[in-house]
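S.K.: Predicted model, plus sequence, below.
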Amino acid sequence: MTEKCGNCNEAVTGDFCNSCGQARELKKIDRNYVIQELLSLVGYENGFIFTFRELLVNPGEVIREYITRNRQKITKPITFLILTSVIYTLISHYFKTDIPYNDQLKKDYGNSSVFEIMNWVQNNYGYSNLLLILPITCWTRLLFRKSNYNFYETCVVICFVMAEGMLLFSLESILNGLFPGMIVINETVTFILAFFYIGWGIGQFYGKKIKNYFKAFFAYSLGMITFQIIVIVVGITYDMIMKG
């Protein structure tokens, strides 16, 4: 009697199913299995670390290859973005360097809903970074509308470069923890580094031309500004409704 695949119910003649690729005999879930899964997630050859390294060196080519040729080589964009956001959040909370920014937000917006939202964004930047994807994608798609890439492919580009940018932004919390008296310098250096990487990564994807780099920096800046405007408008509108 022919053995059938436990996943798709097709006949299995070898060690793997010819239809879906599942192994004929599944490995027992034990300590070794868990360790192997963790190593595959952060593996140097085809996992998280490999993706980080490749995006840092040549983001444009790596992302183009993912979109057009090979989607098995690096970590998927949403997964990579979520992982880097979690890493940023853990580092930020460990070094506890958000207090000076919270005090400044309090001075700027007082006891308002805008302050509450801005405060949440600042204290949870790793997660709020996910919300930034949409406005930056929209502006990038608009400025590069003559390219052959659709909205969803553009979103993949932004996910990858924003995820890599989050790891660069993590340096600020580390530097603030190590050098608490140089917060302004640490913030400036880290922001410039991440800003230029993200703009450079987007521009490189669309072709290594000066105008593409300028358009990429502009798209990223407009996306950030748009996000802040939306936050302010939502906060003011909420306060007006509650007071009304």
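M.R.: Good, I have the coordinates.
S.K.: alpha carbons only for contacts and neighbour counts from here, please
M.R.: Noted.
S.K.: mind saving the C-alpha coords of the helix or strand hosting residue 81 as CSV?
M.R.: Taking DSSP states H and E as the definition, residue 81 sits inside helix 77-95. Only the C-alpha atoms of helix 77-95 are listed here, as CSV (Å, rounded to 0.1, in the frame of the first residue of the first chain):
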residue,chain,number,x,y,z
PRO,A,77,10.0,40.9,4.8
ILE,A,78,7.2,41.0,7.4
THR,A,79,8.9,38.4,9.5
PHE,A,80,12.2,40.3,9.3
LEU,A,81,10.5,43.6,10.2
ILE,A,82,8.7,42.1,13.2
LEU,A,83,11.9,40.5,14.5
THR,A,84,13.9,43.7,14.2
SER,A,85,11.1,45.7,15.8
VAL,A,86,11.1,43.3,18.8
ILE,A,87,14.9,43.5,19.0
TYR,A,88,14.7,47.3,19.0
THR,A,89,12.0,47.3,21.7
LEU,A,90,13.9,44.9,24.0
ILE,A,91,17.1,47.0,23.7
SER,A,92,15.3,50.2,24.3
HIS,A,93,13.5,48.9,27.4
TYR,A,94,16.7,47.4,28.7
PHE,A,95,18.6,50.6,28.6
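S.K.: and it, what other elements does it pack with?
M.R.: Packing partners of helix 77-95 (3 or more CA pairs under 8 Å, 6 or more residues apart in numbering; DSSP states H and E): helix 125-143, helix 151-178.
S.K.: Residues in contact with the shortest one: which ones?
M.R.: Spelled out, it's helix 125-143. Applying CA atoms under 8 Å, 6 or more residues apart in numbering, the external contacts of helix 125-143 come out as 81-82, 84-89, 121, 150-151, 154-155, 158-159, 162, 166, 215-216, 219-220, 222-224, 226-227.
S.K.: same thing with stretch 15-32?
M.R.: 5, 7-8, 10-12, 14, 33.
S.K.: The helices and strands packed on helix 77-95: which one's closest to residue 71?
M.R.: When the helices and strands packed on helix 77-95 are compared by CA to CA, helix 151-178 sits nearest residue 71, at 11.7 Å.
S.K.: Okay, buried residues for the helix or strand just after that closest one please.
M.R.: Using DSSP H and E, the helix or strand that follows helix 151-178 in sequence is helix 183-205. Burial within helix 183-205, assessed by neighbour count using 16 or more other CA atoms under 10 Å, is assigned to 183, 186-187, 190-191, 194-205.
S.K.: cool, and stretch 215-231?
M.R.: Buried residues in stretch 215-231 (16+ other CA under 10 Å): 215-223, 226-228, 231.
S.K.: just stretch 162-176 next, same as before
M.R.: By neighbour count on 16+ other CA under 10 Å, the buried set for stretch 162-176 is 162-176.
S.K.: if I look at residue 134, how far off is residue 56?
M.R.: 22 Å (CA to CA, to the nearest Å).
S.K.: Show me how the record splits the protein into domains.
M.R.: 1-41, 46-243 (automatic domain parsing).
S.K.: and those domains, which one's lowest on average pLDDT?
M.R.: The minimum mean pLDDT among the domains of the chain belongs to domain 1-41 (a mean of 76).
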